[in-house]
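*Asks:* coords below, sequence missing:
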């Protein structure tokens, strides 16, 4: 069974608290299926201008739209979602103070695809304390190859 990240765990608790039953964590888009429908969970990143950015990977918005999923946006310091995005709004670039961002369209981001076996090895290194996180592992791997690299890498 797939393991939930912190944002998904927070969403699971919120779904329970708000009366959803038969909550199934799917481990893929959309993240949850309940008696009330499908839910995609997104972590919001606060920008320097106090806007909130949520990231979508390749084809993710199409999957959300086709499934009819509501997207719940959580911030790290809030237990409840700060927004619920309807499936018909998922293709907008911005909803109020939330920027919906496709990482493939922006050349400043790189998407890594790691096979399951390698990901499990990296997770083991993180568990053993050799790295703080998967992001930390990737930054170190890149820095070892590219001197002067200091871009922030977000792994989702």
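*Replies:* Great, that's in hand. Because the structure is predicted, anything quoted here is derived from the model rather than measured. Numbering: from 1, shown residues only.

*Asks:* where does the chain have low pLDDT?
*Replies:* For the chain, the stretches flagged by pLDDT under 70 are 1, 58, 104-113, 145-156.

*Asks:* how about the one helix or strand residue 16 maps to: buried residues?
*Replies:* Using DSSP states H and E, residue 16 sits in helix 6-17. Neighbour-count burial for helix 6-17, counted by 16 or more other Cβ atoms under 10 Å, picks out 7, 8, 10, 11, 12, 14, 15. C-betas here are computed from N, CA, C, even on glycine.

*Asks:* ok, so of those, who is nearest residue 31?
*Replies:* Set against residue 31, the nearest of the buried residues of helix 6-17 by Cβ to Cβ is residue 8 (5.8 Å).

*Asks:* dump the residue contacts of that closest one.
*Replies:* Contacts for residue 8 were tallied using Cβ atoms under 8 Å, 6 or more residues apart in numbering; they are 25, 31, 32, 41.

*Asks:* can you pick the most crowded of these?
*Replies:* residue 41 (26 neighbours; other Cβ atoms under 10 Å).

*Asks:* how far does the helix or strand that one falls within sit from its chain's centre?
*Replies:* Residue 41 is part of strand 37-43 when elements are defined by DSSP H and E. Strand 37-43 has its average C-alpha position 10 Å from the chain's average C-alpha position, going by Cα atoms, centre = their mean, to the nearest Å.

*Asks:* who are the packing partners of that strand?
*Replies:* The elements that strand 37-43 packs onto, with contact taken as 3 or more Cβ pairs under 8 Å, 6 or more residues apart in numbering; DSSP states H and E, are helix 6-17, strand 32-34, strand 52-56, helix 60-67, strand 70-74.

*Asks:* coming back round to it: export the buried residues of helix 6-17 to TSV and tack on distance to residue 86?
*Replies:* Converted to TSV, these look like this (distance: Cβ to Cβ, whole Å):
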residue	distance to residue 86
7	20
8	20
10	21
11	17
12	21
14	17
15	17
